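>>> A structural model of the following input is requested.
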Amino acid sequence: MRGLPKHERRWSDTLPGKPMIAGSSSAIELKRFSWSHGHGSRSMYSAVTSVHNAGGPGAGFDSALAAGAQRAQLYRTQSGAQKALQGLRFISTKTNGVDAWNEVQSCFDKLAKYGFLDRSDFAQCIGMKDSKGFALEVFDALSRRRKLKRDKISRDELHEFWSQIADESFDSRLQVFFDMVDKNEDGRITEEEVKEIIMLSASANKLSRVNEKAEEYASLIMEELDSERLGYIELWQLETLLLQKDTYLNYSQALSYTSQALSENLAGLRKRSPIQRMSTKLLHYLQENWKRIWVISLWILIMAGLFLWKFFQYKQKSAFQVMGYCLLTAKGGAETLKFNMALILLPVCRNIITWLRSTKLPLFLPFEDNINFHKTIAGGIVVGIILHAGNHLACDFPRLVNAPRSRYEKYLIDFGENKPTYLDLVRGVEGVTGILMVILMMIAFILATSWFRRSVIKLPKPFDRITGFNAFWYSHHLFVIVYILLIVHGTCIYLVHKWYLKTTWMYLAVPICLYAGERILRFFRSRFYAVQLLKVAIYPGNVLTLQMSKPPQFRYKSGQYMLVQCPAVSPFEWHPFSITSAPGDNFLSIHIRQLGDWTRELKRVFSEACEAPKDGKSGLLRADESTNKSLPKLLIDGPYGAPAQDYRKYDVLLLVGLGIGATPFISILKDLLNEVIKMNEQDSVSDFKVGITDSSSNRISPKRRKPLKTTNAYFYWVTREQGSFDWFHGIMNEVDEQDQRGVIEMHNYLTSVYEEGDVRSALITMVQTLNHAKNGVDVVSGTRVRTHFGRPNWKKVFSKTATKHANARIGVFYCGAPVLAKELSRLCSEFNQKGSTKFEFHKEHY
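Numbering: from 1, shown residues only. This is a model prediction of the structure:
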């Protein structure tokens, strides 16, 4: 045993409940344990006693079996087993027992025919509609126990069934599960029965690959538990496996902590007065948001100043005597409009912002909020339009039209010798340009909302074309017409005649030049960055990965993104994608998930150029340089700055990605891994040269490489599909094999599988445990990284991280749905108030 590799040792050899005494093949069969209604200990004791009292040639072996069964029962008293005893739940722990039964009764009343519930409706009745096959096996097991021969049950029988599966006793639930597997009711489970239940569990959890290898995994279970090669296993062996699965296999590095770190982080939990709590919350809010606060405050102050300047300036004009405060408000709003129409271009000047990120300005400016600021300015423009256009059309124009001739000639001669009608004012150059601008900006604003941009609103054809990213992209480019109209509108105003007092062009000149320069630079640079596609693969989950040559001038940091254009799909559209290759790689790679019309068409175009996979390679379709078909042309531009690029300034990283949201962090993990490898190589060289000096010149060994500031990185990847793990299969295995310092810790979560503790995932968890212990490979992801079931307990994740890394500065980087972003941001704020560890939250924005 000592000579076996770590992953090839028998996991079952370490189980305390496993009998180690060999005996005769003939054995007195243990009584079938009656685990119902919580009397497991008593029945177990009875079984053990009966065996020990028996005589005969097989008594020694039977005693060993009984001793193993007894040890399995006694093992429950250990603290490590208490968590396992909460497993094998048929009913969710979130369900209240009384309310749940009332709901089941209500379903029975709806589904029952002539007072009986049909077997086919059992799943829907007990809340297992999504796992009908599994529910039918539960029905059959409970029916066999009660010797029922029909495929329907009464309300009383349903209540008995429900009481059994909802029982708080672990013994009762274990017996039901055992009965599900033991279909011939002989008290033994054969390999074929194990295979059937594995296939059933895999189907219930949408794990197609586990289903395909059910026979292999059934053999694995039998090999580990049936060491005597009897051809079956018994209840106590199944129980032992359930109770000890978490004890003998630690999939990932533990987040250990010291009592000192714990006390430091709990210091903030002492009781404080309401005033102290409020002041602490305010202080932490200011610490976390001071950059945003001062920028927004300055923006509001500038708008207020511009509004008041024009307000009082026009109060001195004669037109105020007729048009009143409506004119003053309209002109004040116009001035804020000019300012905001100029300012709104700056946050989307990607190259300038990327360059500014490399300066000291990020210490004072929140560049990662550039898109949010762009949206905020858009809101300011809406307010300005209401103040300006609303007051003109609804207030001061009617006053002008209705003014007496004498007052008009005295105060409003700037509008011409002849008093205009309302129609004259509206159809003039000022009116037409103003109304057109409002209409175009309304279209762009509405189609930019998440309801339209993300196709939340479903419209019938052909109106569905106004939803989706394409509609957003094209409508946003109406700004070219809007700015032309704005300049014309600003040169034809009524009450100002001197050119140097018409300030619209002054506001717009610099921002328009900067933005135009950006677009020109992008055009020429994308042609200069000639790339050749090296590899194309289409993975499960509609994910297209593109690997291309890396232009010599293309230098980027991990966490940054680039813009991609495919002329075969659209000659105009550019889309941002995170770079998943590391800066040290000699290629560029991106992963694109089909989420909209452009990505759907891109996948179709590349699918036509791909070929079926060969030699068992992952991916549905793939192509490379050897592919006969020509690959579509691709243009790239960038790189562009993103929040994740600043990860190196943190002591610890907490990287959270949902689905395809993992892409910004893959490059970071690769970069960290490369740094770890270089540090290992530097250590090897230093160790080799240590002590070697030149006595004549007093030379010493070379300087050590500057240590990496980031000591740990915790990566949490939450996805819904098992096939998603193929996307980054390689990097997960590389981290496990090459990260000898334990810098990177990876956690995969699959939400399509029922949470750990649910009976539908119990056997999957067992198989996962055994296979990883024996072969070092997770059965779900196919990598060395364990896959957890369900969703992470984020509060527990933050708590453990804060406790382990007291006084550290932790960067929390997130890419995914906005809902989780709010929770992570809240937890950062909450834990910053509790202890010495400081969390800084960053969310990816495109």
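>>> Tell me which stretches of the stretch 501-650 of the chain form helices.
Ranges of helices in the stretch 501-650 of the chain, per DSSP state H, counting those that start in this stretch, are 504-528, 597-609.
>>> Identify, out of those helices, the most deeply packed stretch.
Each of those was assessed for mean neighbour count using mean count of other C-beta atoms under 10 Å. The highest is helix 597-609, with a mean of 18. Using the backbone N, CA and C atoms, a C-beta is placed for each residue, glycine as well.
>>> Return the mean pLDDT over the top helix by length along the chain, rounded to an integer.
Counting residues, the longest helix found in the chain (DSSP state H) is helix 274-315. For helix 274-315, the mean pLDDT works out to 88.
>>> Name the next helix or strand following that helix along the chain.
helix 320-343 (DSSP states H and E).
>>> Take the very next helix or strand once past that following helix, keep the C-alpha atoms, and write them as CSV.
For helix 320-343, the following helix or strand on the C-terminal side (DSSP H and E) is helix 350-357. C-alpha atoms of helix 350-357 as CSV (Å, rounded to 0.1, in the frame of the first residue of the first chain):
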residue,chain,number,x,y,z
ARG,A,350,-12.0,54.1,-24.6
ASN,A,351,-8.4,54.7,-25.6
ILE,A,352,-8.1,57.9,-23.6
ILE,A,353,-9.6,56.2,-20.5
THR,A,354,-7.3,53.1,-20.9
TRP,A,355,-4.3,55.5,-21.1
LEU,A,356,-5.5,57.5,-18.0
ARG,A,357,-5.8,54.2,-16.0
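>>> now helix 350-357 against helix 504-528, angle please.
Orientation note: helix 350-357 sits at an angle of 90 degrees relative to helix 504-528 (axes from the mean of the first three to the mean of the last three C-alpha atoms, to 10 degrees).
>>> any residues touching helix 350-357, and which ones?
Residues outside helix 350-357 that contact it (C-beta atoms under 8 Å, 6 or more residues apart in numbering) are 346-347, 362, 365, 367, 370, 514, 518, 521-522, 560, 639-641, 645-646.
>>> if we go to 7 Å?
Here helix 350-357 makes contact (C-beta atoms under 7 Å, 6 or more residues apart in numbering) with 367, 370, 514, 518, 521, 640-641.
>>> List the residues that contact the spatially most central residue of the chain.
Geometric centre of the chain, nearest residue: L658, 1.6 Å, by C-alpha atoms, centre = their mean. L658 is in contact with 718, 816-817, 820, counting by C-beta under 7 Å, 6+ apart.
>>> F311 too?
F311 makes contact with 328, 332, according to C-beta under 7 Å, 6+ apart.
>>> For E335, see how far away it is.
Relative to E335, F311 is positioned 9 Å away (C-beta to C-beta, to the nearest Å).
>>> same deal with I344?
15 Å.
>>> same deal with I413?
24 Å.
>>> Compare these two and say which is more crowded by neighbours.
Neighbours per residue, other C-beta atoms under 10 Å: of I413 and E335, the larger number sits with E335, 23 against 12.
>>> Please verify my assumption that the more buried one contacts A304.
No. Assessed by C-beta atoms under 7 Å, E335 is found out of contact with A304, at 10.7 Å.
>>> these two touch, right, I381 and F339?
No. In this structure, I381 is not within contact of F339 by C-beta under 7 Å, at 9.8 Å.
>>> Determine which two of the contacts of helix 350-357 are furthest apart.
For the contacts of helix 350-357, the farthest-apart pair by C-beta to C-beta is F367 and L521; their separation is 18.8 Å.
>>> if we can go back for a sec, output the helices of the stretch 501-650 of the chain in JSON lines; the columns should cover distance to K796.
As requested, these are arranged in JSON lines below (distance: least, C-beta to C-beta, whole Å):
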{"stretch": "helix 504-528", "distance to K796": "45"}
{"stretch": "helix 597-609", "distance to K796": "35"}
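>>> JSON lines for those, including distance to S219 and mean pLDDT?
Shown next, in JSON lines, are these (distance: least, C-beta to C-beta, whole Å; pLDDT from 0 to 100):
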{"stretch": "helix 504-528", "distance to S219": "55", "mean pLDDT": "90"}
{"stretch": "helix 597-609", "distance to S219": "38", "mean pLDDT": "85"}
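>>> and A204, which of the ones you listed is closest to it?
With C-beta to C-beta as the measure, helix 597-609 is the member of the helices of the stretch 501-650 of the chain nearest A204 (29.9 Å).
>>> Would you mind listing where this protein has pLDDT under the threshold?
1-88, 91-98, 168, 242-272, 612-629, 680-708, 845-846 (pLDDT under 70).
>>> Tell me which residue lies farthest from the centre of it.
S406 (69.6 Å).
>>> any idea how far F813 is from that residue?
Noted for S406: a distance of 69 Å to F813, by C-beta to C-beta.
>>> What of D186?
Distance, D186 to F813, by C-beta to C-beta: 55 Å.
>>> now L486
39 Å.
>>> okay, the two: which has more neighbours?
F813 (28 against 22).
>>> What residues sit buried inside the helix or strand containing that one?
If you go by DSSP H and E, F813 is part of strand 809-815. For strand 809-815, the buried set under the neighbour-count rule, 16 or more other C-beta atoms under 10 Å, comprises 810-815.
>>> Spatially nearest residue to G115 (excluding sequence neighbours)?
Leaving out its chain neighbours, the residue that sits closest to G115 by C-beta to C-beta, 6 or more residues apart in numbering is S154, at 6.2 Å.
>>> F364 too?
K291 (6.6 Å).
>>> can you pull the contacts of the one you found?
364-366.
>>> can you put these in a markdown table and add neighbour count?
Shown next, in a markdown table, are those (neighbours: other C-beta atoms under 10 Å):
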| residue | neighbour count |
| --- | --- |
| F364 | 10 |
| L365 | 19 |
| P366 | 18 |
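>>> Return the member of those nearest to R277.
Nearest to R277 among the contacts of K291 is P366, at 26.7 Å by C-beta to C-beta.
>>> Out of the buried residues of strand 809-815, the closest to V426 would be?
Using C-beta to C-beta, C815 comes nearest to V426 of these, at 48.0 Å.
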